[in-house]
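**Q** structural data only, the sequence is not supplied:
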């Protein structure tokens, strides 16, 4: 099945898929492209059957503040527990549901009609559905789109994720806005008593090593041998996967030969075995200060920065760079999740409308921890591992929190938001070009150094 | 970039009179712009010819000119005022055209006036089709292309290039598209194209890809001088391509675009606004093929528009205000987000957590003969908007807001197909399937009801999609859901008291009104929704609902889906489940004792007979309430208006103006009072139903009074018999009149009064169905077509021929009466007062009569126990004064009176309404010595099938004002402001009815003396020659079928003015109609009354001397 996407778009956003995820397919110089699974593959004809039971009947959503909200269950028949967050995107639910950064969370959509255009093949952001549960006002069971291969209900069911509809999501959103993200549970109304007990005992999902749950276990080339139009090999970039979104990999593959790595891949292995030219660190779920795989990735980032290798980080990658540079990270009151967040470039004074999905932030070296969660959770003092200073390059035009860092004297920068969009606006897409240029300059310097 | 300090004085152009395609939205955007710039310290000069706007209230701008919006006039004002900059993007196409004209002719450069907001190149590139196509191809955006072909070979080559069918063929240069069509294969292509080449005067056809049936989307974009761009709102039309977006039912945000689709269009919109270098707001329209995902750019409006007004109200984001501030240099990130306040910036994209539906309001309920087909030109006069938490709720609320007399879709019957009043017997017959199929196929105002009906009858999604030319399936599923839910309610078939809580919550949650539920449980009886059986009435459903404690939640329109706390008090109601207290957005703060909560009811959609002037009234009422230190709450559903701007009132509820919705708002607010006199007939019509519900509402804890004139007094003034009884016992005199409830009684009444008679139904607005009848045949025809019932009698009046009509606007506090102005109509009585041209002060009325007018006005105000505003129509016939009617509410001339005399009657009336006394108030005295003229603007060009002549039924959409020291100059200005030319030379065609011939000679003589050539048909010509000794060119009557007749003369450019007093019968009726219709299309002015013709001659004399100087509006009632 070939699905050709929206014509007239920039080449980067064009989709040509047969299901699955294989950004290297058809790329110049690539003879054997790696193929990964797309979350929607399970809805394609002839896909393997799953064993999840289908939810039905009345359900109840319980929040840790004692409030309860009745609704109708859909997706898989299981209990959802996690930290309740909301996203304000009006489109792009499939991309959000498959975004690994939502691992550990119960995702509420503020846009009240979920699933208007159904689920499409080849546009998921990973192989799975990551929120532990989905909360919405109304579920659309008659989607309408030329690419539609199923409903949101079908996708959730196939991945064993429960959903609850008929919820006054505005009330829930206001709760989160006023008091911060909150632990929650939902499931069949008959099991309410049981769920009340579970909720009492529930621990923050941040305590788990979420980056480990959502990332690759072994390194793999996505587009080995990729070249430019003149046949010159593309620079080689290692992409640390802390829960990477597929569209980041798509964007990287158009510019680089990409090694898709686990977050705890060994730095020396990257240098010696894989001989990478640059390092990228992805988005991902959970607390950036978690001692698990996130910390391993932090160390790798620090090494690369220290050695002057070009580095780009997005979202969690940005927070890890902050920690590596000696800045604290902290939990935001309710985070930024949506496609309309204004980011101000301090250098150019221009605003981009960006796609965001994060619950933690890097402190501002001067103004400190802005818009913090009432719990005050933060990383505590950390050591500067890079030996470099960073400066704040981007801030959120609303709450002034840090949105991007430039490492002084190094070809390295990180951003809190999502230039790969999906979902969300493409305003920040040129940041990938910025990385490409940094790498190209670095390669030139390296080449000059060798010839000299 | 910061605020520009090199500019101090800015001129803003308004959009002129309200007309089809350009309605109140520019009063809203223009007012926002004036306010924004003024509060930022700029001096604002405003030019607008429309007196009914809030925009040209004295507090809105520093210097106001109510003058014709013509390049020469604006140029003169620029010379007088010498502003630094001209802001043209707030006044629609009218303002943009003037700015473009002044820029191209070098006037702006000469006077060193900078065009801000949108520069000349941007206007040209967006407006000129060829330039725009170049722009699009430059930045790689696809547009729908047309290829010109001169032979079949070229046609086939062009078809190959397009690569797919269907293909649209349009012959170049033919009248009425003769020989064009859509081809689905090569055979058809060859056939249609050869015909087209044949018919084309230059042997050419245009071959285009057909985009019929594609989806249509709109993107509202903002950009500042630093190149920051945002999308404020996306909108999706339910009607596929082929119907003007202003005529389409529109949903916001877009519902059926995936994120990739949406971001692709967003990128395209941003690329366009950047390439065009627009600084401010603009609107980009796209069409998308839902099957392939291909898209095309349709057009760009480089200014704020009707769509941006809708987008502002749909999201809360004040586009016009921001566009004005951007025009003077601010960047978006420097401006705080006005909705969420400090801590957020205007550089963000609103995100919604509700659905918005807009439905146009068409005038076909009034203009029964007009062609209802919707297409690429606009026919609607206004629109309604509704907000809900799902599409169905928003849609049903929007339908309830339309005020077509039926607040919800009902099963269609033959009565719906009758062009007349609903007919009882036909209401029992379901609409035949073939008619239904036709209603689905041809887009008209009836298609919406037909969609629900189709699903009610069990049609499938694909069947309806095919039958409607590709309405997107997603929407069809939603209509199907409404029909299914309705069937469930019908099947419940229970008394209101037996409705269960689950049922009630489910039904209300999908947007069903109490009236709809009542009607459905009663099985939609043929007798109508407002005559339901006991136990199943609307009020029974409301009582049951309240018993179950089911009330709507009031949600905030906050532009951010609750992510940030909003500071703007702008709400909509929705029914959703759950009882958690945190579900409530709007909990009214505790009331302070000294502050009352007063609710003002707006006037709903703009329609014929109820225009922007009632929005003006509502806004003034709000201002008065706030001046008095109380809280003003407004309820309205019209997105184009100033009243629905979130900072006009203390709290705004965007809701249907139905008894149910208003009652819930009163309850929620714990309102102390409600003001119904300022929102036109819409608000007045709520008086009795609300009065009925008050006992029940007070059981619910409400203690709210109807402020001002009591419902009983309203009834006494409006009810014919009661008013006649009042006339009997007072000094006033009424024309001889009767009321008839049956055809026999009406015949008897006519016999008693004698022909000619004026007949009309009671209790209607805008004179619907009012006619002058001269014989029995006409009477029988009229009665056959009218709906007569015991509760809907016909009124029969003696027709006072040749009378002078007067309009009086006044205020009464129970003890004193303040007369705002006595207006004299130019046209004799018999032409609807809303369509008349009128003068302040009166020109031909004796002191004696004027004194009587004042006495009677006082008698009526006090005698009818009016508290607040009222309007009286008088007429003077054979030097006797008569009272024609009393309207116990604000009238459409209130704003005109305020601007002509400086007396803000609406505001004074509102103060009285809330308890003040005239004696305690400082009333400004008349502040100008000028003569002021109000003239109507008609929609004849847009509405075919409508006789282009004023009559007893109101037809105008808006009005303009002209003022000068003398009446002729004032009239000339008003006439020019209507945008029809006033000729200063050329030919005049004269055709008048026999009784007018005597007056014709002096007029014809003066025209001849002014250098005009006279043309007339034989009879008139002979009369003018023989009796008047004038030179007249003779032509044939149209009915004679010989050349030249009047139509030939008009087409060949020989006629520049027509004086035509229509006859009531005979062949000349048709002749006159054809001639006026052609005059409308050729933009030739015509006058249909002798008094109008005399005035026209005087105006021509003034115009020949040159345009009178513009005059600044000097009134001050702040």
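**A** Noted; the coordinates are in hand. All of these numbers come straight from a predicted model, not from anything done at the bench. Numbering: from 1, shown residues only, chains lettered A, B, ... in the order given.

**Q** ok, for residue 114, nearest residue in space, not its chain neighbours?
**A** In the absence of a named chain, this looks at chain A. Distance criterion CB to CB, 6 or more residues apart in numbering or on different chains; nearest residue to residue A:114, sequence neighbours excluded, is residue A:136 at 4.0 Å. Yep, even glycine has a C-beta here, placed from its N, CA and C like the rest.

**Q** that's the wrong chain, I meant chain B
**A** That would be residue B:85: by CB to CB, 6+ apart, it lies 4.6 Å from residue B:114.

**Q** what's the burial count for the residue nearest to residue A:114?
**A** 25 (other CB atoms under 10 Å in any protein chain shown).

**Q** mind checking how far the least confident helix or strand in chain B by mean pLDDT is from the chain centre?
**A** The weakest-scoring helix or strand in chain B, judged by mean pLDDT, DSSP states H and E, is strand B:341-345 (a mean of 78). Centroid separation between strand B:341-345 and its chain, computed with CA atoms, centre = their mean, to the nearest Å, is 35 Å.

**Q** what's next to that strand, contact-wise?
**A** A:342, A:351, A:397-399, B:332-337, B:560, B:564, B:566-567 (CB atoms under 8 Å, 6 or more residues apart in numbering or on different chains).

**Q** mind doing that once more with 6 Å?
**A** Around strand B:341-345, the neighbours that count as contacts under CB atoms under 6 Å, 6 or more residues apart in numbering or on different chains are A:342, A:397, A:398, B:333, B:336, B:337, B:564, B:567.

**Q** pull out the buried positions in it.
**A** B:344, B:345 (16 or more other CB atoms under 10 Å in any protein chain shown).

**Q** so which residues of chain A form helices?
**A** Per DSSP state H, chain A carries helices over the ranges A:93-97, A:152-158, A:169-179, A:192-201, A:210-214, A:246-253, A:267-272, A:293-306, A:316-324, A:430-451.

**Q** relative to helix A:246-253, how tilted is the longest one?
**A** Here helix A:430-451 runs at 40 degrees with respect to helix A:246-253, directions being taken by axes from the mean of the first three to the mean of the last three CA atoms, to 10 degrees.

**Q** repeat that for the fourth one.
**A** Our comparison of helix A:192-201 with helix A:246-253, counting by the same axes, to 10 degrees, yields an angle of 50 degrees.

**Q** list the buried residues of helix A:192-201.
**A** For helix A:192-201, using 16+ other CB under 10 Å, the buried residues are A:192, A:195, A:199.

**Q** between the residues you listed, which is closest to chain B?
**A** Taking CB to the nearest CB as the measure, chain B lies nearest residue A:192 of the buried residues of helix A:192-201, at 14.9 Å.

**Q** identify the residues contacting the residue of chain A found nearest chain B.
**A** Nearest to chain B in chain A, going by CB to the nearest CB, is residue A:92, at a distance of 3.3 Å. Counting by CB under 6 Å, 6+ apart, residue A:92 touches A:423, B:259.

**Q** so residue B:323 is in contact with residue B:278, correct?
**A** No. Here residue B:323 does not reach residue B:278: they are 9.6 Å apart, not a contact under CB atoms under 6 Å.

**Q** what kind of secondary structure is the residue of the stretch 851-1000 of chain B at minimum distance from chain A in?
**A** Going by CB to the nearest CB, chain A is nearest to residue B:942 of the stretch 851-1000 of chain B, at 34.0 Å. Secondary structure, DSSP: H, G, I helix; E, B strand; the rest coil: residue B:942 is coil.

**Q** longest helix of chain B?
**A** Identified as the longest helix of chain B according to DSSP H is helix B:473-492.

**Q** just the buried positions in stretch B:860-873, please.
**A** By 16+ other CB under 10 Å, the buried positions in stretch B:860-873 come out as B:860-864, B:866-873.

**Q** which of these are close to chain A?
**A** By CB under 6 Å from any CB of the partner chain, no member of the buried residues of stretch B:860-873 lies near chain A.

**Q** and the helix or strand hosting residue B:821, how far out from the chain's middle?
**A** Assigned by DSSP states H and E, residue B:821 belongs to strand B:817-828. Its chain's average C-alpha position is 25 Å from that of strand B:817-828, according to CA atoms, centre = their mean.

**Q** can you count the residues close to residue B:170?
**A** 18.

**Q** who's in contact with it?
**A** Residues counted as contacts of residue B:170 (CB under 6 Å, 6+ apart) are B:180, B:206.

**Q** ditto for the one 10 residues further on
**A** If you count contacts by CB under 6 Å, 6+ apart, residue B:180 has them with B:169, B:170, B:171, B:196.

**Q** mean confidence for the longest strand seen in chain A?
**A** Counting residues, the longest strand in chain A under DSSP state E turns out to be strand A:329-345. Taken as a whole, strand A:329-345 carries a mean pLDDT of 94.
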